[in-house]
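S.K.: Sequence and predicted structure, then a few things I'm wondering about:
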Amino acid sequence: DQQVKQNSPSLSVQEGRISILNCDYTNSMFDYFLWYKKYPAEGPTFLISISSIKDKNEDGRFTVFLNKSAKHLSLHIVPSQPGDSAVYFCAASPSGKTGGFKTIFGAGTRLFVKA
Amino acid sequence: EAQVTQNPRYLITVTGKKLTVTCSQNMNHEYMSWYRQDPGLGLRQIYYSMNVEVTDKGDVPEGYKVSRKEKRNFPLILESPSPNQTSLYFCASSPRPDQPQHFGDGTRLSIL
């Protein structure tokens, strides 16, 4: 049973437009969410995160939105650039109080930004 | 430079021949993890460690062992590798479990 789901395997966007990547989770014990970006032949690199006590976090062109009631988060990239073409992973971790310390990743969404 | 170093980067071996993938970090992080990446399944956590001598199972621990004798090192051991362990493996570390993890560049294992 996948606790973190990224239902879109791929997304194609025109340069300059907005990219929206979505992620759903099932475990209400998760209280910290992260997005990682991965290029071929490299390890994932951290992009942006959000705590469950917030509903938005912004860093430059990247904004993550969290809707706890819907157990849904999304990553917005505005404006999208060709260098953003990569695989994006959503990840979730619990607080550890009762949920342990596992980190759960989604299956990833491959973003193509066309010039 | 802050980094997580995995070795080897590539390995082709045969079923049943014990192997170890090493992982070392130079950031004095307490939390370390091993993941495997498979098509359509994303990254799945194999084992994690909260600190020296403290390890715990992730979601897919079967067929793997780990140890954490020193803070910087977290080797992944396959005692009797099988073809279903053919995968791309990543080691990662962070100061705490709820903080962003730094990943190594990956180890591609092929078990024939």
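M.R.: That came through fine.
S.K.: Every contact and neighbour count from this point should use C-alpha atoms.
M.R.: Will do.
S.K.: which residues does the residue of chain B found nearest chain A contact?
M.R.: Chain A sits closest to B:Gly42 of chain B, with a gap of 3.6 Å, by Cα to the nearest Cα. In this structure, B:Gly42 makes contact with A:89, A:105-108, judged by Cα atoms under 8 Å, 6 or more residues apart in numbering or on different chains.
S.K.: State the number of residues packed around B:Pro39.
M.R.: Number of residues near B:Pro39 (other Cα atoms under 10 Å in any protein chain shown) recorded here: 10.
S.K.: Could you check how far it is from A:Arg110?
M.R.: Note on B:Pro39: its distance to A:Arg110, by Cα to Cα, to the nearest Å, is 12 Å.
S.K.: Kindly provide the distance from the residue of chain A found nearest chain B to A:Ser8.
M.R.: Nearest to chain B in chain A, going by Cα to the nearest Cα, is A:Ala107, at a distance of 3.6 Å. Separation of A:Ala107 from A:Ser8 (Cα to Cα): 9 Å.
S.K.: So the two - more neighbours on which side?
M.R.: When A:Ala107 and A:Ser8 are compared on other Cα under 10 Å, the one with more neighbours turns out to be A:Ala107, at 27 against 14.
S.K.: hmm, back to that, look up the residues forming beta bridges with the residue of chain B closest to chain A.
M.R.: When bridges are called by DSSP bridges, B:Gly42 pairs up with B:Asp38.
S.K.: how many neighbours does the closest residue to B:Gln101 other than its chain neighbours have?
M.R.: The shortest distance from B:Gln101 to any residue other than its chain neighbours is 4.6 Å, reached at B:Ser94 (Cα to Cα, 6 or more residues apart in numbering or on different chains). B:Ser94 sits with 20 neighbouring residues when counted by other Cα under 10 Å.
S.K.: Let me see the contact set for B:Ser94.
M.R.: B:29-32, B:100-102.
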